[in-house]
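Undergrad: Build me a structure from this.
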Amino acid sequence: MKAEYINPFLESALIVIEQVANVRPTTGKLSVKEVIFIERYVWIHIGMTGQMQGDIRFGLEESTALRMVSAMMGGFVLTEMDEMGQSAISELGNMISGNASTILYNQGIRVDITPPKVIRDTDPQLTDAAKALTVPLLMDGIGELDIQVLLA
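TA: From the prediction side, this is the model:
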């Protein structure tokens, strides 16, 4: 796997998060790791088709997802990941991936993305392990967002 595959998603995430949550994330260490079930996590899953095929997954601890949604909603505090929270966190993944696909297009790589799907830790889809190129984003006062690129 090549690191340049994750760069458009990283670049997009830094911009989008700063715009919607008013926090400037810092980048953690790039690595390749096995994607496995993690308890009390929320995953935003987006598929890619075209010249890059695979999946993008954004992973957050549930408490981090609640803080992120609260920041996106101007400080309105959520205590559980309800339908509104899932919609907001889903849209975060959609905005990041949509902007990344535009960056890829400008680099000559045509990619289409599927609508985002929020996957909770109780979903059986999380049991299929795979290797992913991953980088964490550290958001002061919110927590960590893992960006994971799984290419076919």
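Undergrad: Tell me where this structure has strands.
TA: For the chain, strands defined by DSSP state E occupy the ranges 26-27, 31-35, 41-50, 54-61, 111-113, 117-120, 130-139, 143-151.
Undergrad: Partner strands of the second one and their direction?
TA: Under the criterion DSSP bridges, strand 31-35 sits next to strand 130-139 (antiparallel) in its sheet.
Undergrad: Is it possible to get TSV of the strands of the chain that adds distance to Glu4 and mean pLDDT?
TA: All C-beta spots, glycine's among them, are computed from the backbone N, C-alpha and C. Below are those laid out as TSV (distance: least, C-beta to C-beta, whole Å; pLDDT from 0 to 100):
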stretch	distance to Glu4	mean pLDDT
strand 26-27	15	96
strand 31-35	14	84
strand 41-50	15	93
strand 54-61	14	92
strand 111-113	13	95
strand 117-120	26	89
strand 130-139	10	90
strand 143-151	10	92
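Undergrad: looking at those strands, which is closest to Gln19?
TA: For Gln19, the closest of the strands of the chain is strand 130-139, at 13.0 Å, according to C-beta to C-beta.
Undergrad: how close does Leu30 get to Ala100?
TA: According to C-beta to C-beta, to the nearest Å, Leu30 and Ala100 sit 16 Å apart.
Undergrad: Show me which helix runs longest in this protein.
TA: In the chain, with assignment by DSSP state H, the single longest helix is helix 83-106.
Undergrad: Quick one: residues in contact with it.
TA: 8-9, 11-13, 15-17, 20, 42, 44-46, 48, 52, 56, 58, 60, 65-66, 68-69, 72-73, 78, 81, 110-113, 115-118, 147 (C-beta atoms under 8 Å, 6 or more residues apart in numbering).
Undergrad: Sort out which residues of it are buried, please.
TA: By neighbour count with 16 or more other C-beta atoms under 10 Å, helix 83-106 contains the buried residues 85-86, 88-97, 99-101, 103-104.
Undergrad: Could I get the pLDDT score of the residue in the chain sticking out farthest from the centre?
TA: In terms of distance from the mean C-alpha position of the chain, Gly108 ranks first, at 22.9 Å (C-alpha atoms, centre = their mean). For Gly108, the model assigns a pLDDT of 94.
Undergrad: gap between it and Met52?
TA: 12 Å.
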